[in-house]
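Engineer: Predicted coordinates and the sequence they were generated for:
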Amino acid sequence: MASSIRKNVSASAPGGDARRLVDEAVGVPGGVGASARAARADAYDRWLGSLLPARPGVALVAVGGLGRRQCAPYGDLDLVLLHAGVPGVDELAASLWYPIWDAGVRLDHSVRTVAEALSVAQDDVKVALGLLDARYVAGDRELADSLIRTAADHWRRTAVRQLPGLREITLARWQAHGELAFLLEGDLKEAAGGLRDVGILRAIATAGVTDALRPAVHAAHRRLLDTRDALHQQVGRRVDRLLAQERDGVAALLGLRAPDIVTDPGTGRPGDGGPDAAVAGDGGPGVGLTGGGALTGDGGPGLVRDGDLVLRRVAGDARTVGHALDDAWRAADRMRSGRRRGIPGPPVRRPVARDVVEHDGELVLARTAIGARPDPSLSLRVAAAAATTRLPIARATCEWLAAYCPALPAPWPPEARAALLTLLGAGAGLVPAWEACDRYGLVDRWLPEWTRLRSLPQHNPVHRFTLDRHLVQTAYEASRHTRDVDRPDLLLLGAFLHDIGKGLGGDHSLVGAPIAEAMAARTGLPATEAALIGTLVRLHLLLPDVATRRDLSDPKTIAGVAERVGDTTTLDLLHALVRADAAATGPAAWSDWKGRLVAELVSRVRTALDTGVVPAPPDPDPALVAGPLPVVHLAADRVSVAAADRRGLLATVAGCLALHRLEVLAADAATVDGRALVQFRVQPRYGLAPDPIALTADLRRAVNGDVSVTQRLRGRALAARGEGAAPRVVWHREAATDAVLLELRAADAAGLLYRVACALDEAGAQVRAARIATLGADVVDTFYLVGGAPTDPERARLEAAVLTAV
């Protein structure tokens, strides 16, 4: 049979096609679900059984997915050739493995006696876990049953001793792969809460430590397996990471279909956003910024995609698995500590907060707190105690609070608000305490809006977390900055609520402001402080957007920001919130240069608010306005050039920088005493700085009009053109003192600034400055055009030139 398979598989077929042909040859069915997985296991059993000749003292044992009868459509095979010391076993193994390899099936294999297998399991906890899934496939059944039985008995005897090592390995894996419940593109197998963790739960349950495999865990496990089946079917190969582009196809295979319209839970009205709703409006007088919405990671224009349902279901299932494993680890710790203690009698109880005591490493309620009419703030106070002490809340305590603790009145009592702020400001203890409460529905009792936010995807690639985790993470990051502001309580609450408007359509900053203000008032804050929370939410994108898209030396930019912020207290809160939001978003959301730009903006605005005078722009570098031309200065993140004044100088220098793989973050041009000065903020596109000697030489030749450099620039720019999102031009007339702003939104590409600057120059526009903001795969490039406001026909001509260049 193996030879017939090899004849039917083309040696040149790609991996997925080869595997499909093998599956057809051996009768392995596709499909999603438990019955399809069992059918695949049966088909593989028949095929593998036909490959092993009848021989006493030899058995083929499956572990992994085939051992559990949970074969994914493109999963690999994990096999053990078990023998009783018979001669010729190596040749037998080769006759078995080679047909499998020839058939294009991925194989993890070993050849061992029962004693050897148990010896390896003794030293390697991962092997010990793998043997718990061992299942007889073919050959000597008695030999296989001996290994299966002995391995299980050995694990039960040694599990308590081996669990700490297993936990260390698990924590390292979590550190590498993150938490599946909160990742936008998580690994269904390796991430925390994924399929690998279900295997650990099964091992802990086998050891008799706790009832780790409760019905909810079984259901979550089945759905995660279904999702992986669908992902394999969608991609056509073995893959465990659920990427954004695969979600809709996976949803279709799982039969998940989003409703056409999702209503606002607060108003009952459908979302009013369209594809451009989040980027169409002006941010306010004097600044000329858009709200940001789709460009800054908004949850979408108010409609739920089919793929969102997959992500939310995976998040819920991963949470179930993760919480069960947390409980199981604690049960194992209690068992180990009890054995070490060896002292009869109950563990010592220690008070840690009002109505909360520590009992055997967990937080439980004091006896006096349990009554017919519990304090409505009790669950929040327990959560705050858990976060500050970094101790888990006992499962029985969470269940009692969920069953008997009443909802909070409106407005909240002061002790409830104080507990919430303590919880949000607890630092590293916040996330696990919040998750434990969310697991049992306590958070929904505090904040009814949380139901809509839970596991809500964010569709901008700069985000790494779902919306609910992002909000909690931002509060955690904000706790690092509480000493930098006058009102740390408002910083924590503003950070927690800053994206509350996402998923409702339109600009989430504007939509979320009244919601956040109402929620702040419900917690008992005075009206003025609740209004300040609304201001923080409405303006939380103001500082980074202005810093990266506007000329900070323009007095109108500083005056516009100062007018919108109003006072230094709000300015400091916004500055801290910006840093916390960026840290919670992901590494692509922040950089040293953005931090310096925001700090520079804050300093200038503070001066304007304190003195009422907008600071003057800095003087140009004296080295650039004296000496023979051209002048080229290179610094760590700056490139400055002085040359004879001529049109197209900014575009020429920008192209030369692109030629040396430098990304331009900002550009400024000025004329002083008849010489043109251009200054650029730059960073290496691929992390490696260019050769400064070669860059300086090319810059000198380029500004002097060297034709060879110009030809290289144009050739590279043409080669860089490619497919991308449809570009768009937006105009801002009142955003600068002496210029009209042309804002280009397009897909990022090397040399884009050079092409657009050349197009503007050829169209007769004079560019004084440019600001480049990169948002994932997109850019927002802003060009300051001087020489008066263009007429409507001139605007249309400039737009056409720019879009053609893109």
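Structural biologist: Looks like it arrived, so ask away. Note that the structure is predicted; figures quoted are calculated from it, not measured.
Engineer: what mean pLDDT does stretch 469-485 have?
Structural biologist: Stretch 469-485 carries an average pLDDT of 95.
Engineer: now do stretch 799-806
Structural biologist: For stretch 799-806, the per-residue pLDDT averages 89.
Engineer: can you check stretch 636-654 too?
Structural biologist: pLDDT averaged over stretch 636-654 gives 84.
Engineer: buried residues in it?
Structural biologist: Buried residues in stretch 636-654, counted by 16 or more other Cβ atoms under 10 Å: 637, 639-643, 648-654. Glycine gets a C-beta too; all of them are placed from N, C-alpha and C.
Engineer: Would you state the helices of the stretch 451-600 of the chain in chain order?
Structural biologist: Here the stretch 451-600 of the chain has its helices, by DSSP state H, counting those that start in this stretch, at 467-478, 488-497, 508-522, 527-538, 542-549, 555-565, 568-585, 592-611.
Engineer: Quick check: nearest residue in space to residue 618, chain neighbours excluded?
Structural biologist: residue 553 (6.8 Å; Cβ to Cβ, 6 or more residues apart in numbering).
Engineer: Ramachandran coordinates for the one you found?
Structural biologist: Dihedral pair for residue 553: phi -90, psi -10, per degrees, to the nearest 10.
Engineer: Phi and psi next, for residue 729.
Structural biologist: Phi and psi for residue 729, reported as degrees, to the nearest 10, are phi -120, psi 130.
Engineer: wait, isn't it in contact with residue 800?
Structural biologist: No - under the criterion of Cβ atoms under 8 Å, residue 729 is not in contact with residue 800, lying 9.3 Å apart.
Engineer: Between these two, point out the one with more neighbours.
Structural biologist: More neighbours surround residue 729 than the other of residue 729 and residue 800, with 18 against 13 (other Cβ atoms under 10 Å).
Engineer: How about that one: what's its closest non-neighbour residue?
Structural biologist: residue 799 (4.7 Å).
Engineer: element containing that neighbour?
Structural biologist: helix 792-805 (DSSP states H and E).
Engineer: tell me, what residue is most central in this structure?
Structural biologist: residue 464 (0.9 Å; Cα atoms, centre = their mean).
Engineer: pLDDT score for that one?
Structural biologist: 85.
Engineer: got the contact list for it?
Structural biologist: Residues near residue 464 by Cβ atoms under 8 Å, 6 or more residues apart in numbering: 178, 183-184, 585-586.
Engineer: ditto for residue 224
Structural biologist: Residue 224 touches 188, 194-195, 198, 314, 317-318, 321, counting by Cβ under 8 Å, 6+ apart.
Engineer: could you redo the last one with a cut-off of 6 Å?
Structural biologist: Residue 224 is in contact with 195, 317, counting by Cβ atoms under 6 Å, 6 or more residues apart in numbering.
Engineer: confidence score at residue 342?
Structural biologist: pLDDT, residue 342: 50.
Engineer: same check, this time on residue 713
Structural biologist: Residue 713 is assigned 63 on the pLDDT scale.
Engineer: before we move on, back to that, state the distance from the residue nearest to residue 618 to residue 789.
Structural biologist: Using Cβ to Cβ, to the nearest Å, residue 553 is found at 21 Å from residue 789.
Engineer: Looking at these two, which has the bigger crowd around it?
Structural biologist: residue 553 (17 against 12).
Engineer: so that one makes contact with residue 619?
Structural biologist: No - taking contacts as Cβ atoms under 6 Å, residue 553 lies outside contact range of residue 619: 10.6 Å.
Engineer: one step back: out of the buried residues of stretch 636-654, list just those in strands.
Structural biologist: Using DSSP state E, the subset of the buried residues of stretch 636-654 located in strands is 639-643.
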